[in-house]
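1. structure for the following, please:
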Amino acid sequence: MNYKAKTHASYDLLLTFQLFLISIVSITMKTSPLLYILSGILIVFLFSSLFLMFHLTIENDIIKYKIYLFSFPIYKKDISSSTILKINFVRRGWSTKTAIIKQKSKFPIRLMLFQPQSFYTDLLAYCEQYHVEYKQSKDFLLLMKLDK
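-> This next block holds a predicted model:
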């Protein structure tokens, strides 16, 4: 099954505000050309982060995680069920469900805002089918009950 996520609208607003602040500071402070270069690089980075898209595919016992900038892949990770230590299902904010995949000797991957809504139930089924250890917080279970 394929799942997609984009950056949340509140993040877009926050990044736009940061871009505005950086551009005002770089215009008012005319001290060095290095400041212009650094602020320009930061503006490009923040602007490009508005267009990140996340794709996740569950195939057999492999979870394929990809990050795209526009339509160009910038990060790709294949995670097999044998390399997963645990999957934590938690709540972020008021109503955002999140899954955190903890791997052996690697950085954890945080999965949130994926569509369709069946993503979390499918990930739970994946854990049951391939005997992956998982933990659900009380808040996450409450959100799952509210969705039904």
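
2. please, where are all the strands along the protein?
-> 2-6, 52-59, 62-69, 72-80, 84-92, 96-103, 109-112, 134-136 (DSSP state E).

3. between these, which gets nearest to Ile41?
-> strand 62-69 (15.5 Å; CB to CB). For the C-beta atoms, the positions are set from N, CA and C on the backbone; glycine is no exception.

4. pLDDT averaged over that closest one - what is it?
-> The predicted model assigns strand 62-69 a mean pLDDT of 94.

5. tell me which strands it pairs with, and in which orientation.
-> strand 52-59 (antiparallel), strand 72-80 (antiparallel) (DSSP bridges).

6. make a markdown table out of the strands of the chain and add mean neighbour count and distance to Lys145.
-> Formatted as a markdown table, the strands of the chain follow (neighbours: other CB atoms under 10 Å; distance: least, CB to CB, whole Å):
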| stretch | mean neighbour count | distance to Lys145 |
| --- | --- | --- |
| strand 2-6 | 15 | 22 |
| strand 52-59 | 16 | 24 |
| strand 62-69 | 16 | 25 |
| strand 72-80 | 12 | 28 |
| strand 84-92 | 18 | 12 |
| strand 96-103 | 18 | 12 |
| strand 109-112 | 18 | 19 |
| strand 134-136 | 15 | 11 |
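
7. for the ones you listed, give me JSON lines that also has distance to Leu19.
-> Output for the strands of the chain, formatted as JSON lines (distance: least, CB to CB, whole Å):
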{"stretch": "strand 2-6", "distance to Leu19": "18"}
{"stretch": "strand 52-59", "distance to Leu19": "15"}
{"stretch": "strand 62-69", "distance to Leu19": "17"}
{"stretch": "strand 72-80", "distance to Leu19": "20"}
{"stretch": "strand 84-92", "distance to Leu19": "24"}
{"stretch": "strand 96-103", "distance to Leu19": "24"}
{"stretch": "strand 109-112", "distance to Leu19": "23"}
{"stretch": "strand 134-136", "distance to Leu19": "38"}
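
8. which among the strands paired with strand 62-69 is found nearest to Ser39?
-> Of these, nearest to Ser39 by CB to CB is strand 52-59, at 21.1 Å.

9. what does that closest one contact?
-> 1-7, 63-69, 111, 114, 119, 122-123, 126 (CB atoms under 8 Å, 6 or more residues apart in numbering).
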